[in-house]
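1. build me a model:
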Amino acid sequence: MEYNIEMQNENLDLKKTLEFIGFSEKEVSVYLALLELGKGTVTQISRKAGINRPTGYHVLDSLALKGLVKISGKEPKQEYVAESPDQIEKMLLEKIENEKKFLSEAKKIIPELKSIHNISDRPKVLFYEGREGIEKVYEDTLTSCEPIRAYASVENMHTGLPGYFPEYYERRAKKGIAIRAIIPDSDTGRERKTFDAKEMRETALVPKHMFDFIPEINIYDNKVMIASWREKLGIIIESVEIADAMKKIYELAWAEAKRLDKKEIT
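-> Purely as a prediction, here's the structure:
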């Protein structure tokens, strides 16, 4: 009884080790059955391994490819013969050599793969022309996940895209996208500021004679949008680093714009 228990434990250890080095559970069962038989037909081996005959064929072919089983004769008298277990060491050594070759080849192409990967990390610059193009860059701002930081000239915006902005302001507010805007002081700018609460905007008016900028610049997420009214051109720069730098510069400008706005009011 003790002998049988020891044999069972040894077989269990063998199975665990063979599975650890890469054998499937069925390969282990078939291989150990064939080692005990020495040789046999697929029916004999499958019966001893406790699997069905079709699976036996598949597993024996797999073991043959590993060099652990030799096939002799032809159907219906075809037999399978177990090779020496020394083949396991040989198989693993060959696998190690192949892995070394794979590693060597991989090292050769990694620099090139890195260069391709770097391209995907570079800033993306998209250009859009004409009215349709400028509308496109404004539509992109409606994807923002954070409040937009903007430098804007209301007169140029409404002249450049007549009829577009009333609906745009409404849609932006409905999406819950707030905006802070530095705007040159003018009658149009002051009139727009009266809608700040409704349109989720905070406006800072700055002296027009000092800061009459024409293009609009919006900074949001990892993007910088530029609407050039004179050139009828929309630009989106997509870059985490550039957007972050522009946000920091904006915060400096915003602090001064608020000071100037307060000064004008008082």
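2. just the strands in this structure please.
-> Assigned strands in the chain, in chain order: 39-40, 69-72, 79-82, 124-129, 148-151, 179-184, 201-206, 216-220, 223-228, 233-238 (criterion: DSSP state E).
3. nearest to Glu25, of the ones you listed?
-> Checking these against Glu25 by C-beta to C-beta gives strand 69-72 as the closest, at 17.0 Å. For glycine as for every other residue, the C-beta is placed from the backbone atoms N, C-alpha and C.
4. and the gap between the closest residue to Lys223 other than its chain neighbours and Thr159?
-> Nearest residue to Lys223 in three dimensions, chain neighbours excluded: Glu238, at 5.2 Å (C-beta to C-beta, 6 or more residues apart in numbering). For Glu238, the distance to Thr159 (C-beta to C-beta, to the nearest Å) stands at 28 Å.
5. between these two, which one's more packed in?
-> Set Glu238 next to Thr159 and count neighbours by other C-beta atoms under 10 Å: Glu238 wins out with 17 against 11.
6. the more buried one against Ile219, yeah?
-> No. Using C-beta atoms under 8 Å, Glu238 is not in contact with Ile219; the gap is 11.8 Å.
7. now this structure, which segments are flagged as low pLDDT?
-> 1-12, 76, 115, 117-121, 263-266 (pLDDT under 70).
8. any idea which helix is longest in it?
-> Counting residues, the longest helix found in the chain (DSSP state H) is helix 86-121.
9. pull the distance from it to the chain's centre.
-> 23 Å (C-alpha atoms, centre = their mean, to the nearest Å).
10. likewise stretch 211-220?
-> Stretch 211-220 sits 32 Å away from the centroid of its parent chain (C-alpha atoms, centre = their mean).
11. in that stretch, what counts as buried?
-> Phe211, Pro215, Glu216, Ile217, Asn218, Ile219, Tyr220 (16 or more other C-beta atoms under 10 Å).
12. how long is that stretch end to end?
-> 22 Å (C-alpha to C-alpha, to the nearest Å).
13. got a list of contacts for that stretch?
-> Stretch 211-220 is contacted by residues 141, 144-153, 156-157, 182, 184, 224-230, 243, 246-247, 250 when judged by C-beta atoms under 8 Å, 6 or more residues apart in numbering.
14. recalculate using a threshold of 7 Å.
-> Contacts of stretch 211-220 from elsewhere in the structure, counted by C-beta atoms under 7 Å, 6 or more residues apart in numbering, are 141, 144, 146, 148-153, 156-157, 184, 224-230, 243, 246-247, 250.
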